[in-house]
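K.L.:
predicted model and sequence below, questions to follow.
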Amino acid sequence: MGESSGALRAGAFAMAAPERIDRLMFAAFTYKGEGSPTLAKRAEQLAYYRSHNMRTRDRDMIRSIATRDRPGTSDPAVVEALADVEMQFGDQMPTGTYLDMTANLPVVHPEKVLATVLLARGEHDGIAAVPDLEEFFNKLPNGDRQFIILPGTAHSVALAINRELFWHVTRAFLTMPTPIVT
């Protein structure tokens with residue numbers, strides 16, 4: 001399972017080692033980034049991402065993950081707890097994922113993802129438009145796949161006030177019986 005940039009990494013691993021993946025969850029994933037207001041804004045900094053290996057990730061940036069798309073959809077206490085833990089490691093992080101999302105998409109090619117897939121998106125996620133994800137979903141070669149849009153959530157479904165919806169579909173996906181006939 002990967003969320004946001006972690007979804008890109010999980011997808012890259014699934015392409016590189018398909019024999020090691022049985023079920024794969026993408027949350028807050030982006031395919032080509034088409035129609036994404038967040039990525040359009042982020043692309044304004046493309047020259048910076050190309051010339052710097054690190055970028056700032058301070059407490060306000062962490063908070064923005066939960067507030068940029070639809071304020072009120074994430075639990076502020078959970079976001080603060082996340083920021084408390086993350087800030088222990090400093091206020092810098094590698095720029096690579098932002099560069100990938102603004103200049104190198106797609107990095108995950110659906111036809112190379114052979115596993116059973118659950119693609120979960122928040123209703124108000126500004127990083128991936130529904131048509132972008134539908135295109136990815138429709139190109140997945142495994143017929144055992146699901147695409148779900150979680151109501152009242154934005155980009156970070158794991159931090160959402162409605163995160164129990166995310167954990168419910170996760171549990172259901174991971175415990176679903178293997179089809180007898182395919």
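P.N.:
Structure's in. What do you need?
K.L.:
just the helices in this protein please.
P.N.:
Under the criterion DSSP state H, the chain contains helices at 5-16, 37-42, 46-51, 59-67, 76-87, 96-99, 130-139, 163-175.
K.L.:
okay if I get these as CSV plus mean pLDDT and distance to K112?
P.N.:
Every residue, glycine included, has its C-beta placed from N, CA and C. Formatted as CSV, these follow (pLDDT from 0 to 100; distance: least, Cβ to Cβ, whole Å):
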stretch, mean pLDDT, distance to K112
helix 5-16, 96, 4
helix 37-42, 92, 22
helix 46-51, 96, 25
helix 59-67, 90, 28
helix 76-87, 93, 31
helix 96-99, 92, 20
helix 130-139, 97, 10
helix 163-175, 95, 21
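K.L.:
for I149, find the nearest of these.
P.N.:
Nearest to I149 among the helices of the chain is helix 130-139 (7.2 Å), distances taken as Cβ to Cβ.
K.L.:
so which of the helices of the chain gets nearest Q146?
P.N.:
With Cβ to Cβ as the criterion, Q146 lies closest to helix 163-175 of the helices of the chain, at 6.6 Å.
K.L.:
so what does that closest one touch, helix or strand wise?
P.N.:
With contacts taken as 3 or more Cβ pairs under 8 Å, 6 or more residues apart in numbering; DSSP states H and E, helix 163-175 sits against strand 23-27, strand 116-122, strand 145-150.
K.L.:
sheet-wise, list the partners of the last one with their directions.
P.N.:
If I follow you right, that is strand 145-150. Sheet pairing of strand 145-150 (DSSP bridges) gives strand 116-122 (parallel).
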